[in-house]
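What would the 3D arrangement of this be:
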Amino acid sequence: MEPFYIRFTFSDPARFEAAEKAFARLQECKAKDEWPEELEAWRPYFDSRALAHFVWPTPRSRSARSGFTFCLLLKKWGSQPEVEPPWDFLSMIDAFRNGDYQLEGLEPIGETSGRLTFEPFGWPYGGCGCMKAFLRAFEMTITEERC
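Reported below is the predicted structural model:
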């Protein structure tokens, strides 16, 4: 059976190399089930360009997520279903932690394209939204997915 995957393109090989480094760290955390909870532990793997792709809620807005703030986000992005709302960084990490799958690999396919592969253990497995957010943070353009 063909693996689950997300195919993507990139224009800067250095961004792909940065993504490989971060992906290897995610694989390691997932395999050991040991996840740093502080942003500082992730900074060696996610540079400022990658981190700029995420929203950074304050502790106050984070605690209000189930209330008014969340309703505003739904109103803003819910009217544009083709636009995915931005992730906050630690929520993306948490989604990787809680996903019921194994991260198989992040590999180049040619000079300007690649593929992230994973193997779900069951259904539902948590989806691939965090993986797409991860790829976009490293300036990858998603071209195809089997999630």
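
got the CA positions of stretch 107-117 in PDB?
Extracted C-alpha coordinates of stretch 107-117, given in PDB (Å, rounded to 0.1, in the frame of the first residue of the first chain):
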ATOM      1  CA  GLU A 107      12.900  13.400   1.400                       C
ATOM      2  CA  PRO A 108      13.800  15.300  -1.700                       C
ATOM      3  CA  ILE A 109      12.300  14.200  -5.000                       C
ATOM      4  CA  GLY A 110      14.300  16.100  -7.600                       C
ATOM      5  CA  GLU A 111      15.900  19.400  -7.100                       C
ATOM      6  CA  THR A 112      12.900  21.500  -6.100                       C
ATOM      7  CA  SER A 113      10.400  19.100  -4.700                       C
ATOM      8  CA  GLY A 114      10.000  16.700  -1.800                       C
ATOM      9  CA  ARG A 115       7.700  14.400   0.100                       C
ATOM     10  CA  LEU A 116       6.800  14.000   3.800                       C
ATOM     11  CA  THR A 117       5.600  10.500   4.500                       C
END
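
Show me the contact partners of it.
3-11, 13, 16, 23, 103-106, 131, 134-135, 140, 143 (C-beta atoms under 8 Å, 6 or more residues apart in numbering). For every residue, glycine as well, the C-beta is placed using N, CA and C.

The residues you listed in helices, which ones?
13, 16, 23, 131, 134-135 (DSSP state H).

Weed out the non-buried ones from those residues.
Among those, those buried by neighbour count (16 or more other C-beta atoms under 10 Å) are 16, 23, 131, 134-135.

would CSV of those residues with distance to residue 119 be doable?
Listed next are these as CSV, based on distance: C-beta to C-beta, whole Å:
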residue, distance to residue 119
16, 22
23, 15
131, 13
134, 17
135, 18
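
which one of these is nearest residue 38?
residue 134 (18.5 Å; C-beta to C-beta).

how about the closest one, what does it touch?
Residue 134 touches 19, 22-23, 26, 92, 96, 116, counting by C-beta under 8 Å, 6+ apart.

Name the nearest of these relative to residue 55.
residue 92 (10.4 Å).
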